[in-house]
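Asker: how does the following fold in three dimensions:
(2 chains)
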Amino acid sequence: MANILEVENLATYFHTFKGVVKAVDHISFSMEEGEVLGVVGESGCGKSVTGFSLIKLIDPPGKIQADKIEFDGQDLLGKSEKEMNKIRGGDITMIFQDPMTSLNPVYTIEHQMDEMLRLHQPQLSRAQRHSRCVELLREVGIPNAEERLKCYPHQFSGGMRQRVVIAIALASAPKLIIADEPTTALDVTIQAQVLQLMKRLVNEKGCALMLITHDLAVVSEITDRVNVMYCGHIVESGPTRSLIDRPLHPYTQGLLASIPGNGETRDDERLEVIPGMVPNMFDLPKGCKFAPRCAKCMGVCMEVEPETVTVSEGRRVACHLYSGAGKEEEQ
Amino acid sequence: MSEILRVENLVQQFKLDKGLLDKIHMEKGRLVVRGRVVQAVNGVSFSVEKGEAFGLVGESGCGKSTTARTIIGLNKPTSGKMYFDGQDMTAMDRGERHALHKQMQMIFQDPYASLNPRMTVLRIVVEPILFHKLAKDRKEAEEKAYALLERVGIRPELAVRYPHQFSGGQRQRIGIARALAVNPQFIIADEPVSALDVSIQAQILNLMMDLKDEFHLSYLFIAHDLSVVRHICSRLAVMYLGRIVEMGTREQIFDSPAHPYTQLLLAVAPKLTGSSIESYEIPDKEMPTVLDLPKGCAFCNRCKHATAKCAEILPETKDLGGGHMVACHLYDEKGREAAV
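Answerer: Reported below is the predicted structural model:
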């Protein structure tokens, strides 16, 4: 299948008075048409900034640099703000974490859905737009769609609100949806409903989904491939099943082992932990960003940033354990 | 073993309409005075043994936090009894209640909101020691505080800093040190790790388990994350809309869940093995509101086994054996599966 998105050497730096924060530091990845890609990592690892960078929603002092951001054959880097506005909410839409803040509380749901259609499908008449709104709400499983359109966001529950946001994201028949922690604010049963819904709609419409989340379990439930991020770098990527079952990077291994009920630890026993904490983004270590917390840290790790190497089919990892320099030292 | 905490038939309601004007409604052509009431907790009974970690799980709005806040004394219960170490807490006066807080402390969910931003970390931990007069002077209190901070993993030289200078995980450690400052026997932890990243969450859980043995603590551990509760609690209760629907040991609940709601919760929790929720049939109904609870079982609108009886009659709690309690019409008085 063809790639819908290709990103090469994307770097988003925030130039502040205290110094430069390298929120995203030279990452490259691609997405196929209709693929569900998970971007996973802890807070501050740059996963959300990656999403925002793709649609160039980074405000100063942030600055986006890249060799290539190609979406559906178009170069997004060279687009003007006006052209980007056509793409945002058109071919690329976003779903945010908190549905209460991403919906406008003073307008009805219909008004907000209608706005999307008015902007991105101007050929539709008013009546057509209305029936499309009803259809969309039905698709995301909201009962009494006709009446619910007249409601305001506060009249919906959290799960229903997120469904409305998904309906809005689908309104323009996008080719790529970027969902930033879409279910984090929801309860388990509601989260399951929303995840099921997203997976079904993505399959039906054939659009690609980039799912940004901190929850590895959510990733393993619905994604095809996953990028693991740490301190602005993609440390490991690969097909979800193989990555979760056989993690290569020590960070991924540590992350999986620290989830209760996973790995070797039994109930009541101490969990395996990654020692220490995420380094200060103003003062990142010189070599591998994970080296100070890594149990398998070698001399080279403190000095040289590891290159991303392809280990096997689709599995890429940035760690000296798998690169030439590290292998020599190990011997 | 003996009980450290016993809660009997705890009911907590909040009146929503305070003034007379709010309470007046038109009903069938008549003016009626009736205020809306939030029925947060509706008759909850459980007990926590000494040295045990007891879990309270449920989704948001199920009343688990309200139960905790009522036990610690932040709300006055509408009705019901609470006993701490055999003493009736509901009959205590202010002085006795204050003294009780030497034995019972709370760790809060949000480490950003539960520490006073204008106090240094040292003062945050010293304050309860001085308040309860557990040290003869400030110097002794400070020594104690330094030792505690070191125990939870905050280096002594950082103690003069303010909360905003710490990360979420470190703040939670400070919250734990503060709770331990008065040498309590019992700690209520309200979602202590839900605001933290996975790797930090594991560190805090380990710390809490170590401290439990070291300081001979009992925990009431409140969480929405089943895997966390499973790891740390030996017994737990599942709450739904203000009632306990199932209670039992870790093995009883996780290996043979009896209540349809518990079964649903376990089935839809995302798992690392993947692809389990994709095929699961999830009821698309949502929770009824706490303003207008159904007459019968609160779960009946989402339950696939629901019958006419469920909508009408509130199920009683039945013992399935070995302390495994369930409130569901699927089981008869003797705890067998009833032919409904």
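
Asker: so where do the strands sit in chain B?
Answerer: Listed in chain order, the strands of chain B (DSSP state E) span B:3-15, B:24-27, B:30-33, B:37-49, B:53-57, B:79-84, B:87-88, B:104-107, B:186-190, B:218-223, B:235-240, B:243-249, B:317-319, B:325-327.

Asker: which of those has the lowest mean pLDDT?
Answerer: Out of these, strand B:24-27 stands lowest, with a mean of 75 (criterion: mean pLDDT).

Asker: enumerate the residues of the stretch 1-150 of chain A near chain B.
Answerer: When proximity is defined as C-beta under 8 Å from any C-beta of the partner chain, the stretch 1-150 of chain A approaches chain B at A:42-43, A:141. Quick note: C-beta positions are derived from backbone N, CA and C, even for glycine.

Asker: quick revisit: and the strands of chain B as JSON lines, adding mean neighbour count and distance to residue A:149?
Answerer: What follows is these, written out as JSON lines (neighbours: other C-beta atoms under 10 Å in any protein chain shown; distance: least, C-beta to C-beta, whole Å):
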{"stretch": "strand B:3-15", "mean neighbour count": "18", "distance to residue A:149": "33"}
{"stretch": "strand B:24-27", "mean neighbour count": "10", "distance to residue A:149": "28"}
{"stretch": "strand B:30-33", "mean neighbour count": "9", "distance to residue A:149": "32"}
{"stretch": "strand B:37-49", "mean neighbour count": "20", "distance to residue A:149": "29"}
{"stretch": "strand B:53-57", "mean neighbour count": "25", "distance to residue A:149": "36"}
{"stretch": "strand B:79-84", "mean neighbour count": "17", "distance to residue A:149": "43"}
{"stretch": "strand B:87-88", "mean neighbour count": "12", "distance to residue A:149": "54"}
{"stretch": "strand B:104-107", "mean neighbour count": "24", "distance to residue A:149": "44"}
{"stretch": "strand B:186-190", "mean neighbour count": "24", "distance to residue A:149": "38"}
{"stretch": "strand B:218-223", "mean neighbour count": "25", "distance to residue A:149": "37"}
{"stretch": "strand B:235-240", "mean neighbour count": "25", "distance to residue A:149": "31"}
{"stretch": "strand B:243-249", "mean neighbour count": "25", "distance to residue A:149": "35"}
{"stretch": "strand B:317-319", "mean neighbour count": "17", "distance to residue A:149": "43"}
{"stretch": "strand B:325-327", "mean neighbour count": "24", "distance to residue A:149": "39"}
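
Asker: what's the neighbour count on the residue of the stretch 1-150 of chain A found nearest chain B?
Answerer: Taking C-beta to the nearest C-beta, chain B has its nearest neighbour within the stretch 1-150 of chain A at residue A:42, 4.0 Å off. Counted with other C-beta atoms under 10 Å in any protein chain shown, the neighbours of residue A:42 add up to 20.

Asker: without its sequence neighbours, what residue ends up closest to it?
Answerer: residue B:197 (4.0 Å; C-beta to C-beta, 6 or more residues apart in numbering or on different chains).

Asker: quick one, strands of chain A?
Answerer: A:3-16, A:19-32, A:36-40, A:62-65, A:68-71, A:74-75, A:92-95, A:176-180, A:208-213, A:225-230, A:233-239, A:308-312, A:315-318.

Asker: go ahead and confirm the residue of the stretch 1-150 of chain A closest to chain B touches residue B:196.
Answerer: No - taking contacts as C-beta atoms under 8 Å, residue A:42 lies outside contact range of residue B:196: 9.4 Å.

Asker: show me where chain B has its helices.
Answerer: For chain B, the helices defined by DSSP state H occupy B:20-23, B:64-72, B:94-100, B:121-131, B:138-152, B:168-180, B:198-214, B:226-232, B:250-255, B:260-268, B:308-312.

Asker: how about those helices in TSV, adding distance to chain A and mean neighbour count?
Answerer: Below are the helices of chain B laid out as TSV (distance: least, C-beta to the nearest C-beta, whole Å; neighbours: other C-beta atoms under 10 Å in any protein chain shown):
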stretch	distance to chain A	mean neighbour count
helix B:20-23	19	11
helix B:64-72	12	23
helix B:94-100	29	12
helix B:121-131	17	20
helix B:138-152	14	17
helix B:168-180	6	24
helix B:198-214	4	20
helix B:226-232	4	23
helix B:250-255	6	18
helix B:260-268	4	21
helix B:308-312	18	15
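
Asker: distance of residue B:168 from residue A:217?
Answerer: To residue A:217, residue B:168 is 20 Å away according to C-beta to C-beta, to the nearest Å.
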